[in-house]
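# Below are the sequence and a predicted model; questions follow.
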Amino acid sequence: MQFSKVSGKKNNHKVTLYALSTCVWCKLTKEFLNENNVEYEYIYVDLCDEDDKQKIRDIIQSKVGSLIYPTTIVDDKVVITGFRKDKLKEVLEI
Amino acid sequence: MTIIEQVRRRAEADAKTYGYYLIPQPELLQGFLEGLKTNEDRYGYPLCPCRLASGIFEYDRDIICPCDYRDPDVAQYGSCYCRLYVNKEVYESKNLPEVPERRPVEKQGRAYGTQAATAKQAPAQGGQEKPSAKAEKAQVAVKKKLWYCKQCGYVVFREDPPYICPICKAKKEMFAEIESTLEFNG
């Protein structure tokens, strides 16, 4: 799986964003992380090949149950679905 | 190529027909229209920009915008899952609600190459599977039935009955399956 990495000064958490290239809320999540200088990696699931899509489905389904975009996973533990500024702020201590 | 103004006009006309409004924030609206345009160019139909497509029409038909879930979601939450379509109250207050995903998980999973996985396990005949063969598999996997609205008689041939009858607005429960049999004599 080819994740795109965005570097930032705030790098005390491992932040992984599963997004769709067509999705407004995914775009806003990215913008929010950028604005707050958070280091993260992201992947556009709609642009992945079928093997990667299946891997991503297994990852998201095991953590969320439902396949929702954006899904942000922090430190492989905390899962935030949708563009939730409040939750992102809380978990990332922004 | 789809033209963004066409996508906008179609969404506006559809909102008007159903008494809905489009998301009140212009920059977000533009983002949705662009997402719909990208998907229409990519798949040949304006798939929901907030959901993952399989690229196979039979699998994706419930999430072609306006999706099957829009009307019940607007009725219950004041907006659709994406929040492209909203009701008057949400439009005027500009407070967008949180809308949970109503689409069943098993349908969501169809976009992730589940059929391709099954095909790989099956004994391969004639090597590489063509895209048309994949589409055919979808046809088989999606079992379409005839449904009729007990209230107005509207008939639809698809996997599930609609949440709300497009003709008389009766609820899904008012739909019943038409069971047909073929008899051959002689």
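That came in fine, so what should we check first? Numbers count the residues shown, from 1 in each chain, chains lettered A, B, ... in the order given.
# Dihedrals phi and psi, residue A:15?
The phi and psi values for residue A:15, taken as degrees, to the nearest 10, are phi -110, psi 120.
# So it sits against residue A:37, correct?
No - counting by C-beta atoms under 8 Å, residue A:15 sits too far from residue A:37 to count as a contact (11.8 Å). No exception for glycine: its C-beta is placed from N, CA and C like everyone else's.
# higher neighbour count, those two?
residue A:15 (24 against 13; other C-beta atoms under 10 Å in any protein chain shown).
# Near residue B:183, how many other residues are there?
Counted with other C-beta under 10 Å, residues neighbouring residue B:183 total 4.
# scratch that, residue B:75
For residue B:75, the number of neighbouring residues by other C-beta under 10 Å comes to 11.
# So it, which state does it fall into?
helix (DSSP: H, G, I helix; E, B strand; the rest coil).
# can you count the residues close to residue B:16?
That count, for residue B:16 with other C-beta under 10 Å as the rule, works out to 11.
# element containing it?
Residue B:16 is located in helix B:4-18, with elements delineated by DSSP states H and E.
# Tell me the residues of chain B that contact chain A?
Those residues of chain B that sit near chain A, judged by C-beta under 8 Å from any C-beta of the partner chain, are B:28, B:31-32, B:34-36, B:38-39, B:49-53, B:82, B:98, B:101, B:105, B:108-109, B:111-114, B:116-117.
# Quick check: buried residues in the longest helix along chain B?
Identified as the longest helix of chain B according to DSSP state H is helix B:26-43. Residues B:28-29, B:31-40, B:43 are the ones in helix B:26-43 that count as buried (16 or more other C-beta atoms under 10 Å in any protein chain shown).
# tell me how far it is from the chain's mean position?
16 Å (C-alpha atoms, centre = their mean, to the nearest Å).
# Repeat that for stretch A:27-45.
Relative to the centre of its chain, stretch A:27-45 is centred 7 Å away, using C-alpha atoms, centre = their mean.
# How about the contacts made by residue B:178?
Applying C-beta atoms under 8 Å, 6 or more residues apart in numbering or on different chains, we find residue B:178 in contact with B:145-148, B:155.
# quick one: which of the residues you listed is most hemmed in?
The most neighbours of any of those, using other C-beta under 10 Å, belong to residue B:147, which has 20 neighbours.
# what about that residue, distance to residue B:162?
In this structure, residue B:147 and residue B:162 are separated by 8 Å, where distance is defined by C-beta to C-beta, to the nearest Å.
# what's the overlap in contacts for those two?
Contact with both residue B:147 and residue B:162 is made by residues B:156, B:175, according to C-beta under 8 Å, 6+ apart.
# List the buried residues for stretch A:10-26?
Buried-residue list, stretch A:10-26, by 16+ other C-beta under 10 Å: A:13, A:15-20, A:22-26.
# Does it reach chain B?
Yes - applying C-beta under 8 Å from any C-beta, one finds stretch A:10-26 touching chain B at A:20-25.
# what two of these are the furthest from one another?
Using C-beta to C-beta, the two most remote members of the residues of stretch A:10-26 next to chain B are A:21 and A:25, lying 12.4 Å apart.
# Retrieve the pLDDT associated with residue B:181.
Reading off the per-residue confidence, residue B:181 sits at a pLDDT of 79.
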